[in-house]
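> Give me the fold of what follows.
(one chain, ligands or ions: 1)
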Amino acid sequence: MKRSLSKIYLLIVAVTISFTSFAQNVRVKILATGGTIAGAGASADRAAYTAGKLPIDELLNAVPQIHKLAKITGEQVASIGSQDMSVEVWLKLAKRINEIFAKNEADAIVITHGTDTQEETAFFLDLTVKYNKPVVLVGAMRPATAISADGPKNLLDAVVVAADPNSQGRGVMLAMNERVFDAKSVTKTNSTSLETFLSTNFGPIGLIYDKKVQYYYTPVRQSGANTPFDVSKLTTLPRVDVAYMYADADPTALNAFVDAGAKGVVFTGVGNGNMNKKNYDAIKAATDKGVIIVRATRTPGGRVTLHDEVDDAALGTIVSDDYNAQKARILLMLALTTTTDKAKIQDMYFKY
Ligand SMILES: NC(=O)C[C@H](N)C(=O)O
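Numbers count the residues shown, from 1 in each chain. As a prediction, the model looks like this:
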């Protein structure tokens, strides 16, 4: 009896050791882009700060514990507040991530990023990274110099998520405030609070606690490995803008985007992607010219559905389904690199 108990004990020790060393052998590359997580202010108790000031090494120094979780390397891709995020940086990130996985330089990637446009970068990468390996975006709501800065804990948690073998094949994810979200449905919902990222239609796909992640579901929509979007040779994307509907809105902005050469416009309508007569007429003129107009909604949740109050066949429009305007724009920019066929583009909003 005693002997078999000690055998079981030895087995448990061996499994624990091999699991720990397995996790430590996972190579996680951190790509830094700036944001409040790398933000610095003059003093800890003042709100004023500049995003994207601190280099990757300083972010890592704030959480020495992460070296126990994985083999960490860092690379500075940009040093910007995410309000300055651009197509140029998106393409650079997507190309670099595909290269890292193609050359087997890392097993997983964490991207430090400002929160303002984090959901856009996450979604862009979700559609363009051709590997099923974990890619996790992370940020902070308080600058690194603030009292109770949230960046170090968020970074630690993001590495926990990246290094977990269960994180493969879930698309690009965003880890903040002990929650994991999928890139497709996550959105920033609060301008200043730590609890800002939510999925307005669904929930977090996982929860993080005590250096472990527990998953509950995975989106069924397809990600980069199964999309036709290949950015490897692209240096720019087709122009797509976003117009906004409100009571008595006139279509000046929409018309200006069309005149500026937009290949597509996401029209952020009211309710189920609805618009007044003035905008209806402007949209009709734009679709007649061949501009792709996608109806989205300014409501924080829900979908925009085909042929409800608006007859899409008559208006020549397509719908964003459950994508908010900023994500509908990204999908349209990428879709337009492959086709201008409206039916095919509409299909992409239901598939990805
Ligand atoms: N909390 C933040 O990261 C906000 C900052 N403006 C950024 O997006 O870079």
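> Provide the count of other residues in contact range of R46.
By other C-beta atoms under 10 Å, 11 other residues sit near R46. Just so you know, the C-beta spots here come from the backbone N, C-alpha and C atoms, and that holds for glycine as well.
> Make 24 the first number, not 1, from now on.
In the new count, where the first residue is 24, that last one comes out as R69.
> which SSE is D149 in?
For D149, the element it lies in under DSSP states H and E is helix 141-151.
> helices or strands up against that helix?
helix 110-125, strand 158-161, strand 196-199, strand 209-211, helix 348-358 (3 or more C-beta pairs under 8 Å, 6 or more residues apart in numbering; DSSP states H and E).
> And the contacts of that helix?
When contacts are defined by C-beta atoms under 8 Å, 6 or more residues apart in numbering, helix 141-151 is touched by residues 56, 58, 105, 108, 112-113, 116-117, 120-121, 134, 136, 158, 160, 162, 194-197, 205-207, 209-211, 220, 246-247, 250, 252-254, 349-350, 353-354, 357, 375.
> And the buried ones among those, selectable in ChimeraX?
Typed into ChimeraX, the line below selects the buried ones among the contacts of helix 141-151, using 16 or more other C-beta atoms under 10 Å:
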select :56,58,105,108,112,113,116,117,120,121,134,136,158,160,162,194,195,196,197,205,206,207,209,210,211,220,246,247,250,252,254,349,350,353,354,357,375
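> so where is the chain shaky, pLDDT-wise?
Along the chain, the parts satisfying pLDDT under 70 run over 24-46.
> Residue of it closest to the ligand, please.
G137 (1.9 Å; C-beta to the nearest ligand atom).
> Same question for that residue, what's its three-state structure.
Secondary structure for G137, judged by DSSP: H, G, I helix; E, B strand; the rest coil, is coil.
> Likewise for A272?
coil.
> Strands along the stretch 24-173 of the chain, start to end?
Using DSSP state E, counting those that start in this stretch, the strands of the stretch 24-173 of the chain run over 50-57, 94-103, 131-135, 158-161.
> can you list the ones you listed in CSV and add distance to A270?
Formatted as CSV, these follow (distance: least, C-beta to C-beta, whole Å):
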stretch, distance to A270
strand 50-57, 37
strand 94-103, 36
strand 131-135, 39
strand 158-161, 36
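> Can you add distance to the ligand and give those strands back as TSV?
TSV is the format used below for those (distance: least, C-beta to the nearest ligand atom, whole Å):
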stretch	distance to the ligand
strand 50-57	6
strand 94-103	7
strand 131-135	10
strand 158-161	10
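> between these, which gets nearest to A167?
strand 131-135 (10.6 Å; C-beta to C-beta).
> Starting from that closest one, tell me which strands it pairs with and how they run.
Its sheet considered, strand 131-135 pairs with strand 50-57 (parallel), strand 158-161 (parallel) by DSSP bridges.
> Put the alpha carbons of the helix or strand just after the shortest one into PDB.
Past strand 158-161, further along toward the C-terminus, the next helix or strand under DSSP H and E is helix 174-186. Output for helix 174-186, consisting of C-alpha atoms alone and laid out as PDB, is shown next (Å, rounded to 0.1, in the frame of the first residue of the first chain):
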ATOM      1  CA  GLY A 174      -0.400  47.100 -17.400                       C
ATOM      2  CA  PRO A 175       2.000  44.600 -15.600                       C
ATOM      3  CA  LYS A 176      -0.800  42.300 -14.400                       C
ATOM      4  CA  ASN A 177      -2.500  42.500 -17.800                       C
ATOM      5  CA  LEU A 178       0.800  41.600 -19.500                       C
ATOM      6  CA  LEU A 179       1.400  38.700 -17.200                       C
ATOM      7  CA  ASP A 180      -2.100  37.400 -17.900                       C
ATOM      8  CA  ALA A 181      -1.600  37.800 -21.700                       C
ATOM      9  CA  VAL A 182       1.500  35.700 -21.500                       C
ATOM     10  CA  VAL A 183      -0.500  33.100 -19.500                       C
ATOM     11  CA  VAL A 184      -3.000  33.000 -22.300                       C
ATOM     12  CA  ALA A 185      -0.400  32.900 -25.100                       C
ATOM     13  CA  ALA A 186       1.600  30.100 -23.400                       C
END
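> so what's the closest residue to A63 other than its chain neighbours up against?
Excluding the flanking residues, the one nearest A63 by C-beta to C-beta, 6 or more residues apart in numbering is K76, at 4.1 Å. Contacts for K76 (C-beta under 8 Å, 6+ apart) come out as A61, G62, A63, S102.
> Tell me how many other residues surround the third one.
Counted with other C-beta under 10 Å, the burial measure for A63 works out to 16 neighbours.
> Next, format the helices and strands packed on helix 141-151 as a markdown table and append distance to Y232.
Output for the helices and strands packed on helix 141-151, formatted as a markdown table (distance: least, C-beta to C-beta, whole Å):
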| stretch | distance to Y232 |
| --- | --- |
| helix 110-125 | 28 |
| strand 158-161 | 16 |
| strand 196-199 | 12 |
| strand 209-211 | 19 |
| helix 348-358 | 29 |
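> what ranges do the helices span in the stretch 274-375 of the chain?
275-282, 300-311, 335-338, 348-358, 365-374 (DSSP state H, counting those that start in this stretch).
> Out of the ones you listed, which is closest to T168?
helix 348-358 (29.1 Å).
> Cool, thanks, signing off.
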